[in-house]
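Trainee: Curious how this folds, go ahead:
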Amino acid sequence: MTNKTKELVAAGHALAKELHCAESAALVRELATQLDLQRARADTLAADNENAMVVLKKANQTVLRAKAWLDATPDYYVVVTSAGVWQSFCKTRSEAEFIVAKPFNPGYSVLEIYTTPPAPRAMKDHQIRELVNELRDIAVEYHGTQQLRERIASTVRAAMQEEE
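Mentor: Numbers count the residues shown, from 1 in each chain. Next up, the predicted model:
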């Protein structure tokens, strides 16, 4: 609670003690009490908002990492036999498809290999802003419920699947 609000609450209670009219004293006391309650609620909401922002920042980082995976290209391609045995290790998809296309390689397929996660691709400012606003609204609406995690997850999944 801010010092000014604390001073107003204390002054209201002090004034209520000094007033000679019982109705006026009761009114001033009630006003001071309500001001004190509203300030406490505001402090609680501010703390909840701060916690929601921490969650949203972590969610944004997760979105960036996951979105980078969606846009990744394989580092290598492996030709796999119909029995699941790795047959050939290729640097390009066309090289692997050339091997698979041979008539004496029936049922062969190409397996993509990712060796390192790609660097996250940055979202555009307006996309980040929209996502953070949406996640904040969800955090406020579903705070303290069992649905919070699933709502955030589904929103993040939807943001990851959006076409630019």
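
Trainee: can we go C-alpha only for contacts and neighbour counts from here?
Mentor: Fine.

Trainee: Could you grab the helix/strand/coil label for Val110?
Mentor: At Val110 the chain is in strand, as set by DSSP: H, G, I helix; E, B strand; the rest coil.

Trainee: now do Thr33
Mentor: Secondary structure for Thr33, judged by three-state DSSP, is helix.

Trainee: I'd say it and Leu8 touch.
Mentor: No - the criterion here is CA atoms under 8 Å, and Thr33 misses it with Leu8 at 10.3 Å.

Trainee: residues near the spatially closest residue to Tyr108 that is not a sequence neighbour, how many?
Mentor: Spatial nearest neighbour of Tyr108, excluding adjacent residues (CA to CA, 6 or more residues apart in numbering): Thr81 at 4.5 Å. Around Thr81 there are 17 other residues, counting by other CA atoms under 10 Å.

Trainee: tell me the contacts of Thr81?
Mentor: 87, 105, 107-109 (CA atoms under 8 Å, 6 or more residues apart in numbering).

Trainee: Now the buried members of those residues.
Mentor: Neighbour counting with 16 or more other CA atoms under 10 Å marks 108-109 as buried within the contacts of Thr81.

Trainee: Relative to Arg149, which of the contacts of Thr81 is nearest.
Mentor: Closest approach to Arg149 among the contacts of Thr81 (CA to CA): Ser109, at 38.2 Å.

Trainee: beta partners for the closest one?
Mentor: Beta-bridge partners for Ser109, by DSSP bridges, are Val80.

Trainee: Got the confidence number for it?
Mentor: If you check Ser109, the pLDDT there is 89.

Trainee: cool, and Trp69?
Mentor: Confidence score, pLDDT, at Trp69: 66.

Trainee: got it, and Glu97?
Mentor: pLDDT, Glu97: 90.

Trainee: Asn49 versus the most centrally placed residue in the chain, what's the distance?
Mentor: Against the mean C-alpha coordinate of the chain, by CA atoms, centre = their mean, the closest residue is Ala59 at 2.7 Å. Using CA to CA, to the nearest Å, we find Ala59 at a distance of 15 Å from Asn49.

Trainee: element containing the residue located most distally from the centre of the chain, please.
Mentor: Most distant from the centre of the chain: His20, at 56.1 Å, with distances by CA atoms, centre = their mean. His20 belongs to no helix or strand when assigned by DSSP states H and E.

Trainee: distance of it from Val156?
Mentor: 61 Å.

Trainee: One more: Ala11?
Mentor: Distance from Ala11 to Val156, counting by CA to CA: 49 Å.
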